[in-house]
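Could you look at this predicted model? Sequence included:
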Amino acid sequence: MIVLGLDGATHSLIRPWVDAGHLPTFARLYEESVHGDLESTIPEITVPAWPAFATGRNPERLDVYGFTHFNRETRELDLSHDEFVPGKMWDVVDDQGGRCVVFNIPGSYPWQAIDGTIIAAAPEYKESYSYPEERWEELESVVGDYKLRNDATPGSRNYVDQSLSLVDKRFDGFEHFIEKEEPELAVGLVRATDRVAHHYWGTDTLPPADESNPIFEVYRRVDERLGEFLDAHEDEDVVVMSDHGFEAVSKKFAPNYALSQAGLVRLNESGDGKKQALGKLRDAASDALGRVGLLTLARNVVPESYVADLPTGSTLGLDNAISLGRIDWERTRAVADIGQKTTMVYALTDDADERAEIVAEAREALVDSADDAGLDVRFVELDRGGPHTPDLTMVIETPEVHASSRFDVESPLFDASTSGHARNGIFFARGPSFRTGTVDGARITDIAPTVLHALGRALPNSIDGDVLDVFAAGSDAAQREPEYYDFAGESAVNEGGVSGDDERETEVKSRLRELGYLE
C-alpha cells in the first residue's frame with residue numbers, strides 16, 4: 001500500500017485543468033479510481049491535518065491546532081511542530097510486524113523507531129532528519145542536495161525552479177526507499193502544490209493554465225511524475241490525497257472584533273512601546289537585508305533569543321497583541337485564535353458554569369456578526385483535550401472568506417486579496433483492492449483506518465475515523481469487519497529519535513506570517 005500526499009492539492013484546480021486536457025494523469029485517476037472530496041480537520045491547517053491523517057484522531061484528541069496554537073493556561077501562542085504524536089499508522093503497522101517507509105510527512109518528527117525508513121519534514125534546525133540516521137546521506141547520494149523546504153525568495157523565478165526541483169527530488173527519494181525497503185506501507189508527501197498556491201494564487205478564482213502561472217507549472221510537473229509513479233506501481237494499491245484544498249480569499253472576518261464589541265475581550269490603551277519600536281526596526285532591517293541576500297547571515301549572527309518576543313508586522317493580530325501586552329487579561333473572558341476558515345474561541349476559565357456562559361455569549365456575538373456580514377457559518381463545541389483545545393469553533397462555509405485574528409479593524413468583515421486553504425482536499429484510491437466511481441463524506445481521519453484495514457491490520461481503539469466504503473466487491477477488505485486493539489505507541493516516544501535544540505521561534509513565526517498562518 002502506498003499513500004502519496006499532495007499538500008493543498010484541490011479539485012477546484014485539478015478538475016477544470018483535466019477537462020481542458022492539461023493533466024492526463026489526474027484524468028486517468030478520475031477514470032480508474034474511487035475518488036471524491038476529502039474533508040480536512042477543524043482547523044484546516046497542515047498541522048493538525050497531517051497528524052490527524054497519520055493517526056485517524058481528531059485535533060481535540062491530539063490537542064494540536066496549528067503550527068502555533070493558543071495556550072489557555074499560559075496565554076501565549078505555542079509552536080506545535082515538535083510535539084510527539086503517538087499512534088501513527090506506520091507505528092501501528094510496525095507494532096504488528098510490518099515494514100514502512102515514511103517520507104516528508106509533517107508531524108513525523110519526533111518519531112518512534114520503526115522497521116524501515118523515516119525521512120522527516122520540518123522542523124529545521126535539528127542535527128538529524130532521518131531514521132536510521134545514515135538514511136539522510138543515502139538520500140543525498142540518490143537525489144543530490146536535499147532541502148526540507150524551499151528557501152528561495154517567494155515571487156522569484158528561483159523559487160519556482162526550486163519548487164520544480166523539489167517535486168522531482170521528493171518523487172525520486174520516495175521511489176528509491178520504496179524499491180530498497182519493499183515496505184508493507186509507504187507514505188510520502190510533495191509540498192510544492194501548497195507552497196506555490198500560497199505565494200502565487202493571487203485573486204483569480206481559477207488561476208490560468210499557462211506557462212506564466214507557477215501553480216500550473218508545478219501541477220503539470222506533479223502530473224508528469226505521478227504518471228511515472230503510477231506506472232511503476234501498476235499492480236499495487238495507491239492512495240493520492242491532500243490535507244485540504246485551496247481558494248482565493250477576497251474577504252476576512254475578524255472574530256476578536258466581534259468579541260471585543262460584546263465585551264468579552266478588553267484591550268489596554270497602549271502596550272509596550274519599546275517592543276513595538278524595536279519590532280518595526282527589526283522588520284525594516286529584515287526587509288533591507290533580504291533584498292541584498294544577507295538575511296540568513298544576520299539570523300546566524302544575532303541570537304534569536306534577543307528578538308524572539310518582538311512583534312512582527314504592522315497589524316494587531318493575536319500574536320502581536322500578546323507580544324505587546326495589549327490584551328487586558330484581568331478583564332478578558334474569551335479570546336479567538338484563527339486557522340484559515342476556522343475561528344477558535346477560548347473561554348478563560350476552568351469553572352464549568354462560567355465556561356458555558358462565556359461560550360454562549362461568544363456564540364451569540366459571532367452569530368450576530370456573521371449574519372450581519374452575510375456569512376454562512378457553522379459551530380462545533382468541543383470537550384477540552386488540553387490547554388490548546390478551544391471551547392468553541394466557528395467554520396466559515398462561505399467561499400473565499402477566511403478568519404482573521406485582528407483587533408485593529410473597523411468592522412468584522414474587511415477586504416483581502418490573498419489565497420488560503422479550503423475545507424475539502426482530494427482523495428483518489430486506485431489499485432486491485434479499490435472500486436471505481438465516487439465516494440461521499442470522506443474525512444482526513446478516515447485515511448488511517450481505511451489503509452490499516454486494507455492491509456489486514458487491526459486498528460487502534462483510539463481512532464476516531466471510519467473505514468471508507470471504497471473497496472472492490474469481493475475483495476478481502478470488503479468482506480472483513482474492522483478489528484480493533486489497544487495501541488497508542490506512547491512507550492516508544494523518541495526511541496531512535498532526535499533530541500531538539502533551541503527553537504528559532506522568530507524565524508519560524510515570520511515564515512508562518514508570510515504564508516498567512518499567523519497575524
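Done, it's in. Given the structure is predicted, the values throughout are model-derived calculations rather than measurements. Residues are numbered from 1 along each chain as shown.

Show me the shaky parts of the stretch 301-450 of the chain.
Judged by pLDDT under 70, the stretch 301-450 of the chain has its weakly predicted residues at 301-314.

Flag every buried residue along stretch 167-186.
Within stretch 167-186, the residues that qualify as buried by neighbour count (16 or more other Cβ atoms under 10 Å) are 167-171, 173-178, 181, 183-186. For glycine as for every other residue, the C-beta is placed from the backbone atoms N, C-alpha and C.

Let me see the residues that make contact with it.
Residues outside stretch 167-186 that contact it (Cβ atoms under 8 Å, 6 or more residues apart in numbering) are 1-4, 89-90, 93, 98-104, 116-117, 119, 135, 139, 142-144, 146, 188-192, 218, 221-222, 225, 228-229, 232, 451, 455.

Next: stretch 190-201.
Residues beyond stretch 190-201 that count as contacts (Cβ under 8 Å, 6+ apart) turn out to be 4-10, 46, 104, 121, 149-150, 154-155, 159-160, 163-164, 166-167, 170-171, 207, 213-215, 217-219, 222, 242, 246, 248, 418-420, 515-516.

cool, and stretch 85-95?
Counting contacts by Cβ under 8 Å, 6+ apart, the residues outside stretch 85-95 that touch it are 51, 54-57, 62, 64, 99-100, 102, 107-108, 112, 114-116, 184-185, 187, 447-448, 451-452, 455, 457-460, 462, 487-490, 492-493.

So which of these belong to helices?
Cross-referencing the contacts of stretch 85-95 with the helices (criterion: DSSP state H) gives 51, 54-55, 62, 447-448, 451-452 as the overlap.

So which of those is the closest to Gly385?
Within the set of the ones in helices among the contacts of stretch 85-95, Leu62 lies nearest Gly385; the separation is 7.2 Å, counting by Cβ to Cβ.

quick one, what contacts the closest one?
Shown in contact with Leu62 (Cβ under 8 Å, 6+ apart): 48, 51-52, 55, 85, 385.

can you list those residues in JSON lines and add neighbour count and distance to Tyr200?
Below are the contacts of Leu62 laid out as JSON lines (neighbours: other Cβ atoms under 10 Å; distance: Cβ to Cβ, whole Å):
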{"residue": "Pro48", "neighbour count": "34", "distance to Tyr200": "25"}
{"residue": "Pro51", "neighbour count": "25", "distance to Tyr200": "27"}
{"residue": "Ala52", "neighbour count": "28", "distance to Tyr200": "27"}
{"residue": "Thr55", "neighbour count": "30", "distance to Tyr200": "32"}
{"residue": "Val85", "neighbour count": "25", "distance to Tyr200": "31"}
{"residue": "Gly385", "neighbour count": "17", "distance to Tyr200": "36"}
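
mind putting those in a markdown table, distance to Met394 included?
Formatted as a markdown table, these follow (distance: Cβ to Cβ, whole Å):
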| residue | distance to Met394 |
| --- | --- |
| Pro48 | 17 |
| Pro51 | 22 |
| Ala52 | 19 |
| Thr55 | 25 |
| Val85 | 25 |
| Gly385 | 18 |
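
Report the lowest-confidence entry in those residues.
Least confident entry in those, by pLDDT: Val85, with 80.

Provide the secondary structure category for that one.
For Val85, the secondary structure call by DSSP: H, G, I helix; E, B strand; the rest coil comes out as coil.

Can you give me the separation between it and Ser108?
When Cβ to Cβ, to the nearest Å is the yardstick, Val85 and Ser108 sit 9 Å from each other.

so what sits against both of those two?
Ala54.

returning to what we had before: give me the buried entries from the contacts of stretch 190-201.
Neighbour-count burial within those applies to 4-10, 46, 104, 121, 150, 154, 159-160, 163-164, 166-167, 170-171, 207, 213-215, 217-219, 222, 242, 246, 248, 419-420, 515-516; the criterion is 16+ other Cβ under 10 Å.

Return the subset of these lying in helices.
Reading helices off the buried ones among the contacts of stretch 190-201 with DSSP H, I get 46, 159-160, 163-164, 166-167, 170-171, 214-215, 217-219, 222.

now, the most widely separated pair of the residues you listed?
Taking Cβ to Cβ as the measure, those reach their widest spread between Thr46 and Glu217, a distance of 21.8 Å.

if we take the ones in helices among the contacts of stretch 85-95, which one ends up nearest to Ser433?
Each of the ones in helices among the contacts of stretch 85-95 was scored against Ser433 by Cβ to Cβ, and Val451 proved nearest at 10.3 Å.

residue boundaries of the strands in the stretch 151-300 of the chain?
Secondary structure of the stretch 151-300 of the chain, counting by DSSP state E, counting those that start in this stretch: strands at 185-190, 238-241, 245-253.

Looking at the ones you listed, spot the one closest to Asp37.
Each of those has some distance to Asp37 by Cβ to Cβ; the shortest is strand 245-253, at 8.0 Å.

three-state assignment of the nearest residue to Val439 once chain neighbours are set aside?
With sequence-adjacent residues excluded and distances taken as Cβ to Cβ, 6 or more residues apart in numbering, Val439 is closest to Gly36, at 4.4 Å. Of the three states, Gly36 takes strand under three-state DSSP.

and Gly36, how far is that from Arg28?
16 Å.

Which of the two has more residues huddled nearby?
Relative neighbour count places Gly36 above the other of Gly36 and Arg28, with 20 against 17, counting by other Cβ atoms under 10 Å.

Was I right to think the more buried one contacts Asp440?
Yes: if you go by Cβ atoms under 8 Å, Gly36 and Asp440 touch, sitting 6.0 Å apart.

how much space between Glu381 and Ala120?
Where Ala120 is concerned, Glu381 sits at a distance of 35 Å (Cβ to Cβ).

what about those two, which has more around it?
For Glu381 versus Ala120, neighbours defined as other Cβ under 10 Å are more numerous around Ala120 (24 against 13).

Skipping its backbone neighbours, what lies nearest that one in space?
Counting by Cβ to Cβ, 6+ apart, Ala120 lies nearest to Tyr109, which is 4.0 Å off, once chain neighbours are set aside.

Tell me how many other residues crowd Glu481.
Each residue near Glu481 was counted by other Cβ under 10 Å, and the total is 7.

So it, which state does it fall into?
Secondary structure, three-state DSSP: Glu481 is coil.

ok, now which ones touch it?
Taking Cβ under 8 Å, 6+ apart as the definition of contact, Glu481 has no neighbours.

if I look at it, how far off is Ala458?
For Glu481, the distance to Ala458 equals 11 Å [Cβ to Cβ].

just Phe174 next, same as before
Counting by Cβ to Cβ, the gap from Phe174 to Ala458 is 27 Å.

do the same with Val187
When Val187 is compared with Ala458 (using Cβ to Cβ), they lie 18 Å apart.

Can you pick out the residue with more neighbours from the two?
Between Val187 and Ala458, counted using other Cβ under 10 Å, Val187 has the larger neighbour count: 29 against 17.

In the sheet, which residues pair with the more buried one? Tell me.
Each beta-bridge partner of Val187 is listed here: Val3, Val102, as defined by DSSP bridges.

Would you agree it is in contact with Gly107?
No: at 11.3 Å, Val187 does not count as touching Gly107 under the criterion of Cβ under 8 Å.

Show me whatever sits in contact with both of those two.
What both Val187 and Gly107 touch, as defined by Cβ under 8 Å, 6+ apart, is the set Ala54.

Now Asp204: closest residue in space, sequence neighbours ignored.
Excluding the flanking residues, the one nearest Asp204 by Cβ to Cβ, 6+ apart is Ala248, at 6.3 Å.

just checking, that neighbour touches Thr203?
Yes: here Ala248 reaches Thr203: they are 5.6 Å apart, a contact under Cβ under 8 Å.

which sections of this structure are below the confidence cut-off?
Judged by pLDDT under 70, the stretches of the chain that qualify are 81-83, 122-127, 271-314, 488-518.
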